[in-house]
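Visitor: I need the structure of the sequence given here:
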Amino acid sequence: MKDLTHRGTREIETRRLLLRRFNMGDANEIFREWANYDNVVKYLTWQKHSTISETKTCLLDIIGGYSRPDTYVWGIEHKTEGFLIGSISAEIIERAKTAELGFCLGERFWNQGYATEALRAVSDYMFLDVNINRLEAYHSVRNPASGKVLQKAGFAKEGHMKQKYITGDKIYQDSDFYGLVKDDFNSRYEPGIKNFLDPGEMELTAHNLGLKCAGYYPKETKKDRLPGYRFDITDKSSGTVFGEISLYLGFDEALYYSGHIGCFVNEQYRNVGVAAAACKIILNLAKMHEFQKMFVTADHADKASRRVCEKIGARLVRIAELPPRHELYAKGGLFECVYELDAGL
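Guide: Below you'll find the predicted structure:
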């Protein structure tokens, strides 16, 4: 069993948000956007800030905690607007390898998917970067919107607790309790059928493109390689090979950064839609293997590959810092865009 690898409050970028450390210059935005609003704090454990001085005192405590590597408190910045819209945190229970998550947003940013986007990115960070085994969260039963956020981020409701906490206004509130363990997180990205199918019995074509099986990748435990198919991307009429594409059958930490699908198009055939078309074809094979969800990735600097991910309907989860042990890091990669794809649809 691996120990926790505390990374501290590092920046996490998503499609619309930048999760970052707070600084003293944030006091006005925190006070303006959420700390001074009754509707925001009435379901929380702290009182509304009546003055900016209270906000600054709170900020001093948070910033002081950043000196410890096991502190995880982010401000949620809207990348387009350029200011903070909320916060999200993870409190660690070391021995149990568990993190309790909490989040809040300014009222004018509710019901736009921002909380789910932030929560999902932090969940991936805690599981993959910190090696947390369990995430949990609770919310007041008077605030069902928070429960919907947790469900959308993949958490399961596990129970109901009477008078779980007392609000800043000294009111006891019952809570619903949610959790997500790493095994359940991982299992979402495993195929239902893990054995190789016969490519000769499959119609892996679309328009003028076809996928011709060129071999298989066997499972290699020592190299952390999952089993997978390897196909040539060909012109159905002439047999010209445009490139190659792979599909891996399984999920592990290494694949999170490299993706279930690997695609390479020869230089002379790029920028004409070959990669996106080939990925859409191979998704038919993924459905045969009963994948429900998959990861596809692209180097942060590779705008063309990022567009391919978006063209096939994948959603950016976060821009992840590659761990030094990963083979992509050894090849010079620093950041990888991690997208999630609903393969079962």
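Visitor: Show me what the helix or strand hosting residue 123 is in contact with.
Guide: In the assignment (DSSP states H and E), residue 123 maps to helix 114-124. Applying Cβ atoms under 8 Å, 6 or more residues apart in numbering, the contact partners of helix 114-124 are 12, 14-17, 19, 72, 74, 76, 78, 85-86, 88, 90, 101, 103, 105, 135, 146, 149-150, 152-154, 180, 185, 256, 317-318, 320, 338. In this view, the C-beta of every residue, glycine as well, is placed from N, C-alpha and C.
Visitor: tell me the mean pLDDT over it?
Guide: For helix 114-124, mean pLDDT rounds to 98.
Visitor: begin at 891 from here
Guide: Understood, numbering begins at 891; the last thing we discussed is helix 1004-1014.
Visitor: How far does it sit from its chain's centre?
Guide: With Cα atoms, centre = their mean, to the nearest Å as the basis, helix 1004-1014 stands 7 Å off its chain's centre.
Visitor: ditto for stretch 1102-1111
Guide: Distance, centroid of stretch 1102-1111 to centroid of chain: 27 Å (Cα atoms, centre = their mean).
Visitor: Send me it as PDB with only the CA atoms.
Guide: The C-alpha coordinates for stretch 1102-1111 follow below in PDB (Å, rounded to 0.1, in the frame of the first residue of the first chain):
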ATOM      1  CA  LYS A1102      -6.600  -2.600 -39.900                       C
ATOM      2  CA  CYS A1103      -5.300  -4.500 -36.900                       C
ATOM      3  CA  ALA A1104      -1.500  -4.400 -36.900                       C
ATOM      4  CA  GLY A1105      -1.000  -6.300 -33.600                       C
ATOM      5  CA  TYR A1106      -1.600  -6.300 -29.900                       C
ATOM      6  CA  TYR A1107       0.100  -5.000 -26.800                       C
ATOM      7  CA  PRO A1108       0.400  -7.700 -24.200                       C
ATOM      8  CA  LYS A1109       0.000  -6.800 -20.500                       C
ATOM      9  CA  GLU A1110       3.500  -6.100 -19.100                       C
ATOM     10  CA  THR A1111       3.400  -5.700 -15.300                       C
END
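Visitor: Show me which parts of that stretch are buried, residue by residue.
Guide: For stretch 1102-1111, burial by neighbour count (16 or more other Cβ atoms under 10 Å) applies to 1104, 1107.
Visitor: one step back: give me the buried entries from the contacts of helix 1004-1014.
Guide: 902, 904-907, 909, 962, 964, 966, 968, 975-976, 978, 980, 991, 993, 995, 1025, 1036, 1039-1040, 1043-1044, 1070, 1075, 1146, 1207-1208, 1210, 1228.
Visitor: tally of neighbours for residue 892?
Guide: 8 (other Cβ atoms under 10 Å).
Visitor: who's in contact with residue 964?
Guide: Here residue 964 is in contact with 899, 902, 909, 910, 911, 912, 977, 978, 979, 1008, 1012 (Cβ under 8 Å, 6+ apart).
Visitor: Just the ones of those residues in helices?
Guide: 1008, 1012 (DSSP state H).
Visitor: So which of the contacts of residue 964 is the closest to residue 1166?
Guide: Minimum separation from residue 1166 among the contacts of residue 964 (Cβ to Cβ) is found for residue 902, which lies at 27.2 Å.
Visitor: Break the chain down into its domains, please.
Guide: Domain assignment of the chain by automatic domain parsing yields the ranges 902-1077, 1089-1232.
Visitor: weakest of those by average pLDDT?
Guide: domain 1089-1232 (a mean of 92).
Visitor: quick check, distance from it to the centre of its chain.
Guide: 18 Å.
Visitor: Which parts of this structure are helices?
Guide: Under DSSP H, the chain gives helices at 917-920, 928-931, 942-955, 1004-1014, 1034-1042, 1072-1077, 1143-1148, 1164-1178, 1193-1201, 1217-1220.
Visitor: Next, format those as a markdown table and append distance to residue 1131.
Guide: Below are the helices of the chain laid out as a markdown table (distance: least, Cβ to Cβ, whole Å):
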| stretch | distance to residue 1131 |
| --- | --- |
| helix 917-920 | 54 |
| helix 928-931 | 58 |
| helix 942-955 | 55 |
| helix 1004-1014 | 35 |
| helix 1034-1042 | 42 |
| helix 1072-1077 | 35 |
| helix 1143-1148 | 23 |
| helix 1164-1178 | 11 |
| helix 1193-1201 | 19 |
| helix 1217-1220 | 25 |
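Visitor: Please give me every residue in contact with residue 901.
Guide: 908, 909, 910, 911.
Visitor: any idea which of these has the most stuff around it?
Guide: For the contacts of residue 901, neighbours tallied by other Cβ under 10 Å; top is residue 909, 25 neighbours.
Visitor: show me what contacts that one?
Guide: With Cβ under 8 Å, 6+ apart, residue 909 has these contacts: 901, 902, 903, 964, 965, 966, 967, 978, 1008, 1011, 1012.
Visitor: that older thread, in strands only, show me the contacts of residue 964.
Guide: 902, 909, 910, 977, 978, 979 (DSSP state E).
Visitor: Against residue 1096, how distant is the residue lying farthest from the centre of the chain?
Guide: Distance from the C-alpha centroid of the chain peaks at residue 1128, with 41.0 Å (Cα atoms, centre = their mean). Between residue 1128 and residue 1096 the computed distance is 16 Å (Cβ to Cβ, to the nearest Å).
Visitor: so who does the residue nearest to residue 1178 when sequence neighbours are not counted touch?
Guide: On the basis of Cβ to Cβ, 6 or more residues apart in numbering, the spatially nearest residue to residue 1178 that is not a chain neighbour turns out to be residue 1087, at 6.1 Å. By Cβ under 8 Å, 6+ apart, the contact list for residue 1087 reads 1175, 1178, 1179.
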